[in-house]
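Student: The following block contains a protein sequence and its predicted model.
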Amino acid sequence: MSVAIDPRVAAFIDSQHGLLIDGHSQPALSGAQMPVFNPATGEELTRVAAAAAADVDLAVAAARRAFCGSWAAQRPADRERLLLKLADLLEANGEHLAQLETLNNGQSIHLARALEVGAAAEFTRYMAGWATKIEGKSLDVSIAAVPGAKYRAYTVPEPVGVVGAIVPWNFPLLMAIWKIVPALACGCTVVLKPADETPLTALRLGQLCLEAGIPEGVVNVVTGTGAVAGAALAGHPGIDKVAFTGSTQIGKVIGHAAVDNMTRFSLELGGKSPVIVLDDCSPEVAAAGAAGAIFFNQGQVCTAGSRLYIQRAIFDQVLERLATIAGGLNIGPGLDEQAQINPLISAKQQKRVLGMIERGVAEGARVVCGGVAHGEQGFYVRPTVLTDVTADMQVVREEIFGPVVVATPFDSLDEVVELANDNQYGLGASIWSNDLAKVMALIPRIKAGTVWVNTHNMLDPSMPFGGYKQSGIGREMGHAAIEAYTENKSVCIAY
Ligand code: NAI
Ligand code: MG
């Protein structure tokens, strides 16, 4: 059954999509626009304003005025109340937002409802609570410079200032919320640059922020290309912090631009996360877990379980069951409630994923299932399992960001630790076993920001999230998010 698009969603798509600057929708100064596509059909959905550096200047200036003015005037309890109101509005508009996201991103409507809306609202409430709980420390210092003088010192976490947030297309609304909400909880203001491909829910989110009563200029949204609008924002001397999620390649460009201005930055980047199955695990459980780890959102997930290591005694059984699951998944548009595999974001991404599979095969990998595109229209790739791979192959080393997993057998725990860590990335990992001693021995040896046991891709607002190695710098979520959007001031009082 295909979900019927609500007329209000259709009307929003057909409306004029300007840049949201200082609470007002305005065209780019140059008048430039860019197209937005529906990945299920490849057709143009609508057009949005394409910002250039001069537009980014206006947005940063608006965010600065709000930071020093209307937003600074709000008490922590006011910020909490406004964010709680925003969470209510996300839910009240949930079905519309989910439909909009599925049309623009291609993802399953179930996923859009549960994550882009449901998890985003929960995250917003969790972070709203922090607004009133940001604390410094009182320090008993031992300064001896002036005989007889007494001192008291304390620390004050202050909002870092104007935040430039640059987010990717894989979970457009959730990623925008992950950045905007903790920034606002801490008293910062934001200029958000959504991904080129997925600007629509970001624009709607900007409207909902205003509807919630968040003052004009606190949240600004500049749509446009990464190369122009993104680069102008990341290198802008008027921002105090850049928060980025996306590829490691662009993360490095952004880090360099930030350091030139000594702008604070946090980077949540790529991954090539291992899924480690020990031989005490039931092959059914392992295969279902491995399938979920890689095929969720078509593998367009930074923590996707894209390298599967199975202990040799159960390798063939797990692989066979995984291929059966993969081959049985229903492929179709995200609006089809029965479809389990949906289109990739773009023709470019489809081509990239298929190209990486082809190169893997040319290097000697064997296709157990999938490996090809699907259908006449839309950017589909069939769920793909590759084996007979070696550690030096591109499909094993690089992030594919598609529904493609490489499966390798291993014998000892020492061997799997080496295999799992033999990668530039270190974002996530999962271990599948009920042998507690082995699991506990593996956890500290895996170089990853998150290690799951008998589950994969599960996140919670309270769990800090981020990467080791080339997977990034800094942590989001949990209390770590507060640290990411505050600057510590030390105060020393002589008396
Ligand atoms: P990307 O890293 O180029 O795009 C992410 C964001 O950065 C978008 O908002 C984009 O507009 C912006 N951007 C691009 N160039 C920029 C620049 N020079 N300065 C400032 N901002 C810029 O990722 P892309 O090209 O969409 O995808 C390519 C690959 O990157 C994917 O196949 C995947 O492997 C990886 N990726 C990883 C993500 C993750 O969550 N770890 C998310 C998206 C992509
Ligand atoms: Mg790119």
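Tutor: Here it is on my side, so go on. Ligands and ions are numbered 1, 2, ... in the order given.
Student: Now do the strands in the stretch 301-450 of the chain.
Tutor: With DSSP state E, counting those that start in this stretch as the criterion, the stretch 301-450 of the chain has strands at 307-311, 366-369, 373-374, 380-381, 384-387, 404-410, 425-426, 428-432, 450-453.
Student: Over to the stretch 151-300 of the chain?
Tutor: Under DSSP E, counting those that start in this stretch, the stretch 151-300 of the chain gives strands at 151-159, 162-166, 189-193, 219-221, 241-245, 264-268, 274-277.
Student: how close does the nearest residue to Ala429 once chain neighbours are set aside get to Leu115?
Tutor: Nearest non-adjacent residue to Ala429, counting by Cβ to Cβ, 6 or more residues apart in numbering: Ala448, 4.2 Å away. For the C-beta atoms, the positions are set from N, CA and C on the backbone; glycine is no exception. Ala448 sits 21 Å away from Leu115, going by Cβ to Cβ, to the nearest Å.
Student: next one: Val416
Tutor: Between Val416 and Leu115 the computed distance is 30 Å (Cβ to Cβ).
Student: Counting neighbours, go ahead and name the busier of those two.
Tutor: Per other Cβ atoms under 10 Å, whichever of Val416 and Leu115 has more neighbours is Val416, with 24 against 21.
Student: pLDDT below threshold where in the stretch 301-450 of the chain?
Tutor: Counting by pLDDT under 70, the stretch 301-450 of the chain shows no low-confidence range.
Student: Ligand 1 contacts on that one?
Tutor: Residues of the stretch 301-450 of the chain found near ligand 1 (Cβ under 6 Å from any ligand atom) are 302, 349, 352, 399, 401.
Student: and the fourth one, backbone torsions?
Tutor: Put plainly, it is Glu399. Dihedral pair for Glu399: phi -70, psi 130, per degrees, to the nearest 10.
Student: quick one: it from Gly428, how far?
Tutor: 12 Å.
Student: Those residues of the stretch 51-200 of the chain touching ligand 1, which are they?
Tutor: Checking the stretch 51-200 of the chain against ligand 1 by Cβ under 6 Å from any ligand atom, the hits are 166-170, 193, 195-196.
Student: Just send the residues you listed back as CSV, with neighbour count and pLDDT too.
Tutor: What follows is those, written out as CSV (neighbours: other Cβ atoms under 10 Å; pLDDT from 0 to 100):
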residue, neighbour count, pLDDT
Ile166, 26, 99
Val167, 27, 98
Pro168, 23, 98
Trp169, 22, 98
Asn170, 25, 98
Lys193, 30, 99
Ala195, 23, 99
Asp196, 22, 98
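Student: send the alpha carbons of stretch 280-292 over as PDB?
Tutor: Provided in PDB are the C-alpha atoms of stretch 280-292 (Å, rounded to 0.1, in the frame of the first residue of the first chain):
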ATOM      1  CA  ASP A 280      28.400 -19.600  19.900                       C
ATOM      2  CA  CYS A 281      25.900 -17.400  18.200                       C
ATOM      3  CA  SER A 282      22.800 -18.900  16.500                       C
ATOM      4  CA  PRO A 283      23.200 -18.500  12.700                       C
ATOM      5  CA  GLU A 284      19.600 -17.200  12.500                       C
ATOM      6  CA  VAL A 285      20.200 -14.500  15.000                       C
ATOM      7  CA  ALA A 286      23.600 -13.600  13.500                       C
ATOM      8  CA  ALA A 287      22.200 -13.400   9.900                       C
ATOM      9  CA  ALA A 288      19.200 -11.300  11.000                       C
ATOM     10  CA  GLY A 289      21.500  -9.000  13.000                       C
ATOM     11  CA  ALA A 290      24.000  -8.600  10.100                       C
ATOM     12  CA  ALA A 291      21.200  -7.900   7.600                       C
ATOM     13  CA  GLY A 292      19.700  -5.200   9.900                       C
END
